[in-house]
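Q: make a model of this:
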Amino acid sequence: MTTVHEHGPRMNLWKLVPEVYKGMAAFEAAASKGLDPVIAELVKIRASQLNKCAFCIDMHLTDARKMDIPRLKLDLLDAWEEAQGLYTDKEQAALALTEAVTRLDGGTPQGHYVPDEVYERAAKNFEETELAHLISQIVSINAWNRFQVATRAVPGSLRDKSGR
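A: Now for the predicted structure:
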């Protein structure tokens, strides 16, 4: 049964297609292997911000807090380029790549690609296999975001309070 609420979930997709959830969970696990957990979490939060996925923002901010990622890094993530000295070169390269892959606009109206300078910056900061994991992590969180936004998944923190 599909339920449409102004601010509630449309469906429990994972209950309806558990094999898709299992596949996504396996993809996520494979993507994150060999990737710095702090960078992985920053990437998940930033992509989720860009995709306006409240469910994933809530989940990954909660996870990041448990990992003791500094609060200021989390608070300023939406403006990471302006927060000089707060993020490492490697984190900045990962965040730039996250934005390019998530948006896929190439920075111009004509292009749908990751700009060479963004990719090269990431390639300078990540060993090739690690870069492959980073790209996979970015693709994975974008897929999770799209599932959660499409079904209007209720963030865990709100669900816990509302009883939904």
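
Q: tally of neighbours for residue 11?
A: Number of residues near residue 11 (other Cβ atoms under 10 Å) recorded here: 15. For the C-beta atoms, the positions are set from N, CA and C on the backbone; glycine is no exception.

Q: what are the phi and psi values at it?
A: In terms of degrees, to the nearest 10, the main-chain angles of residue 11 are phi -160, psi 160.

Q: my guess is it meets residue 151, correct?
A: Yes - using Cβ atoms under 8 Å, residue 11 is in contact with residue 151, at 5.4 Å.

Q: helices of this protein, start to end?
A: Along the chain, counting by DSSP state H, helices occupy 13-16, 18-32, 37-50, 54-66, 71-75, 89-103, 116-125, 128-150, 156-162.

Q: how about the shortest one: buried residues?
A: In terms of neighbour count (16 or more other Cβ atoms under 10 Å), helix 13-16 has its buried residues at 13, 14.

Q: mind listing residues that contact it?
A: 20, 21, 147, 150, 151 (Cβ atoms under 8 Å, 6 or more residues apart in numbering).

Q: pull the most distant pair out of those.
A: Farthest-apart pair in these is 21 and 150; separation 14.1 Å (Cβ to Cβ).

Q: quick check: end-to-end length of stretch 74-84?
A: With Cα to Cα, to the nearest Å applied, stretch 74-84 spans 14 Å between its terminal residues.

Q: 7 is where my numbering starts, stick with that
A: With the count now opening at 7, the last piece we talked about shows up as stretch 80-90.

Q: distance between stretch 148-164 and the chain's centre?
A: Computed by Cα atoms, centre = their mean, to the nearest Å, the chain-centroid distance of stretch 148-164 equals 11 Å.

Q: got a list of contacts for that stretch?
A: Stretch 148-164 has contacts (Cβ under 8 Å, 6+ apart) with 11, 13-19, 30, 33-34, 53-54, 57-65, 68, 107-108, 168, 170.

Q: any of those residues buried? List them.
A: Among these, those buried by neighbour count (16+ other Cβ under 10 Å) are 15, 19, 33-34, 53-54, 57, 59-65, 107-108.

Q: any idea how many residues pack against the spatially closest residue to residue 95 that is not a sequence neighbour?
A: Sequence neighbours aside, residue 131 is the residue nearest to residue 95 in space, at 5.9 Å (criterion: Cβ to Cβ, 6 or more residues apart in numbering). Residue 131: 20 surrounding residues under other Cβ under 10 Å.

Q: and the gap between residue 131 and residue 66?
A: 21 Å (Cβ to Cβ, to the nearest Å).
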